[in-house]
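Undergrad: got a predicted model here, sequence first, then my questions.
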Amino acid sequence: MNPLPISDACIGVIANPVSARDIRRVVANAGNLQITDRVNIVLRLLQAARAAGVGRALLMPDRGGIRALLERHLKRGDASLPHIDWLDMQPTSTVEDSFTATRLLQRAGVAAIVVLGGDGTHRAMVRELHAAGSALPIAGLSTGTNNAFPEMREPTITGLATALYATGRIAPQEALVANKLLEVQITGGTHAARHDVAIVDAVITHDRTVGARALWKAGSLAAAYLAFCEPEAIGLSSIGALLQPVGRRERGGLAVQIAAHAADALTLLHAPIAPGLVLPVPVAGWQRLLPDEPLAVQQSAGTVALDGERELIFEPGQHVGVTLREAAFRTLDVARCMAVAARDGLLRTPPHP
Amino acid sequence: MAGNPFPLPKEQLLQAYRTMRTIREFEERLHIDFGRGDIPGFVHLYAGEEAAGTCIMMHLGDGDRIASTHRGHGHCIGKGVDVVAMMKEIYGRKGGACEGKGGSMHIADLHKGMMGANGILGAGAPLVCGAALAAKIRAKGKERSEVAISFVGDGASNQGTFLESLNLAAVWNLPAIFVVENNGYAESTSRDYGVAVDSYVDRAAGFGLPGVTVDGTDFFAVHEAAGEIIERARKGGGPALLECKMVRFHGHFEGDAQTYRAPGENEHNREHNDCLKKFAAAVSGAGVIAADELKAIDHEVLGLIERAVSEAKAAPQPTAADLLTDVYVKY
């Protein structure tokens, strides 16, 4: 017997097979969550979601092994899972897959999207939702390298919380929280204006190519714009967090200027900018980032790294602006959902039916 | 001209373009000549994959060894093997890199650290373990060692020789690097059907090696990742795996009808996933190398390939007496 009645509620799942594959495995002994483990995470969250009443799940297909292994499991017959359908899309094994899947899940009318990935995967989804003006909530599970945004949490619990919200047992005002983001705009020069977002950090580097994308050299950093920065977090946001912490629910963010040389620095900060790497960062200064007030980047050329990966190149003559936005997208507050479940007895049934 | 924003000086950028263009023209010419029936044996073309074959070698010297694959022309050119000697070899003529007795799949030049292309899938990896062990022993007491690199395709990565080599390299902590050139097809079998664990990084982790995946069509991405991995190995950090996701423009072999590809796939790849186009757009877009300079290299390379073919066609074929030479090596 299923603990709670099965409903027609549908949740989306985006599991990125590509996260945690970059150069930081070599230069910083970063972790490697194997595909089989990612499949097990998906299975655990779906089992919990069905136990809490979700009847259907819509999943992003991939060519990285998650779909293949999951289908191998499904062929064995597993009654503990909701009905599973795959989004009708051709995987490209690039970030485009996350964009496309987010669009398709919105159109399909899912109640929430559970995402497995790092800050980068979450950013891709949020970019798509933000551009569409969508209020569709996401529930994040950390499977990446440098995760300040998604939580390290047992997927069973995230599955339960998502299902309790998706089936209407917990109201949005209790289940969901609003999040900040950084809008990045590059204008001027001969190229068309470019817009993107970061959900934790937009970092300006001296590099002029995106190279292997990940950032791990303190000497390449020029400035960091942070939506939030919490001292226990790993990654580039730790630079701000160890100067002036800003909570993810707190108004405003932080902007940090980094000196080219230690001699020009106000202080030399030793920050865990990547797993295993506590590096000296010569800080020139920092200031609060106020909502809706654009800050102009001083650097004349370089790259903008969004949530840990170099993404955008800008040249002399182009202008980069960063603007913090409050309440830009919604996420599921798993801890609060489970507290509500306990308070209201949502997972209790009569002992003798 | 603006300042150079790239992690390589202009001279090296020009050399990188020259090498990639040489590989491309070499392969496109073979595509034509093979179709005309001018070339004996089989050829497997590297066109589309030039970025990896070029930039990884830029971190190596002649003392560093590589073991190549059946699709080895790009590795040979990248490692500095003489292009005319290569063409003669492929044409089966005297004066070839192996005196015309090896052909496309057995080009070697030990003076350049090129241990050979290899017609046996996955066979290069154990050779690289040997070369890396030798490098490690030679480097005893030194801070840095030479390295050895095995190239392997996504299909050959299923071979026991490859998997055993990952284990051996890890156990002996060898300065060995395994580059998986993942073009998506094992001959005609899509990787989706033929590889149980789709992530090569996962495979490496299974043997205790760190693994990295990069966009193999992005010269700068491969260059940066390969540089870190090779430097780590030189300093005694041990083996690692680098997966380069790439595309091949031609079939598995020349004459392959490629019915396994999606309609328009080749055209899409040539338009959007061409590593040469991406490189040229980056360096000329940044104002570091003028379009005229790239054109001059194109012209120079075409001349080189034309000369290589002319000399190959004019060279004599090996004789029956040549069969018994170069069979054994004296130590």
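TA: Yep, it's here.
Undergrad: which stretch of helix or strand covers the residue nearest the centre of chain B?
TA: Nearest to the mean C-alpha position of chain B, counting by C-alpha atoms, centre = their mean, stands residue B:75 at 2.8 Å. In the assignment (DSSP states H and E), residue B:75 maps to helix B:73-79.
Undergrad: show me what from the stretch 251-353 of chain A comes close to chain B.
TA: Contacts of the stretch 251-353 of chain A with chain B, taken as C-beta under 8 Å from any C-beta of the partner chain, map to A:301, A:315-316. Where C-beta positions appear, they are placed from N, C-alpha and C, glycine not excepted.
Undergrad: biggest helix in chain A by residues?
TA: Taking DSSP state H as the criterion, chain A has its longest helix at helix A:35-51.
Undergrad: in that helix, what's buried?
TA: A:35, A:38-39, A:41-51 (16 or more other C-beta atoms under 10 Å in any protein chain shown).
Undergrad: and chain B, which of those residues reach it?
TA: Within the buried residues of helix A:35-51, those near chain B by C-beta under 8 Å from any C-beta are residue A:35.
Undergrad: thinking again about what came up before, residue B:135: which of the residues of the stretch 251-353 of chain A next to chain B is nearest?
TA: Of all these, residue B:135 sits closest to residue A:301, with 40.0 Å by C-beta to C-beta.
Undergrad: residues contacting that closest one?
TA: A:208, A:314-316, A:318, B:5 (C-beta atoms under 8 Å, 6 or more residues apart in numbering or on different chains).
Undergrad: how close does the residue lying closest to residue B:67 once chain neighbours are set aside get to residue A:283?
TA: Leaving aside its sequence neighbours, residue B:67 sits nearest to residue B:124 (C-beta to C-beta, 6 or more residues apart in numbering or on different chains; 3.1 Å). According to C-beta to C-beta, to the nearest Å, residue B:124 stands 48 Å off from residue A:283.
Undergrad: neighbour-wise, which of the two wins?
TA: residue B:124 (31 against 23; other C-beta atoms under 10 Å in any protein chain shown).
Undergrad: ok, the more buried one touching residue B:115?
TA: Yes: look at residue B:124 against residue B:115 with C-beta atoms under 8 Å: they come within range, at 7.5 Å.
Undergrad: give me the common contacts of the two.
TA: B:67-68.
Undergrad: got the contact list for residue 68?
TA: Unless you meant another one, I'm taking chain A. B:192, B:198.
Undergrad: should've been chain B
TA: B:75-76, B:107, B:114-118, B:124, B:151.
Undergrad: can you do 7 Å?
TA: Residue B:68 makes contact with B:75-76, B:116-118, B:124, B:151 under the criterion C-beta atoms under 7 Å, 6 or more residues apart in numbering or on different chains.
Undergrad: which of the residues you listed fall within helices?
TA: Per DSSP H, those map to helices at B:75-76, B:124.
Undergrad: ok, so of the residues you listed, who is nearest residue B:280?
TA: residue B:75 (21.7 Å).
Undergrad: measure the residue lying closest to that closest one once chain neighbours are set aside to residue B:207 for me?
TA: Nearest non-adjacent residue to residue B:75, counting by C-beta to C-beta, 6+ apart: residue B:68, 4.1 Å away. Using C-beta to C-beta, residue B:68 is found at 22 Å from residue B:207.
Undergrad: so where do the helices sit in chain B?
TA: B:10-35, B:50-55, B:73-79, B:83-91, B:124-138, B:160-171, B:191-194, B:200-206, B:219-234, B:265-272, B:275-285, B:291-314.
Undergrad: to residue A:180, which of those lies closest?
TA: Nearest to residue A:180, of all these, is helix B:219-234, at 30.4 Å by C-beta to C-beta.
Undergrad: CA-only coordinates of the closest one, as PDB, when you get a sec.
TA: Extracted in PDB, the C-alpha atoms of helix B:219-234 (Å, rounded to 0.1, in the frame of the first residue of the first chain):
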ATOM      1  CA  PHE B 219      41.600  24.300 -28.900                       C
ATOM      2  CA  PHE B 220      42.000  26.500 -25.800                       C
ATOM      3  CA  ALA B 221      40.000  24.200 -23.600                       C
ATOM      4  CA  VAL B 222      42.100  21.100 -24.500                       C
ATOM      5  CA  HIS B 223      45.300  23.100 -24.400                       C
ATOM      6  CA  GLU B 224      44.600  24.300 -20.800                       C
ATOM      7  CA  ALA B 225      43.400  21.000 -19.500                       C
ATOM      8  CA  ALA B 226      46.200  19.000 -21.200                       C
ATOM      9  CA  GLY B 227      48.800  21.400 -19.900                       C
ATOM     10  CA  GLU B 228      47.700  20.900 -16.300                       C
ATOM     11  CA  ILE B 229      47.500  17.100 -16.600                       C
ATOM     12  CA  ILE B 230      50.900  16.800 -18.300                       C
ATOM     13  CA  GLU B 231      52.600  19.100 -15.800                       C
ATOM     14  CA  ARG B 232      51.100  17.100 -13.000                       C
ATOM     15  CA  ALA B 233      52.500  13.900 -14.500                       C
ATOM     16  CA  ARG B 234      55.900  15.400 -15.000                       C
END
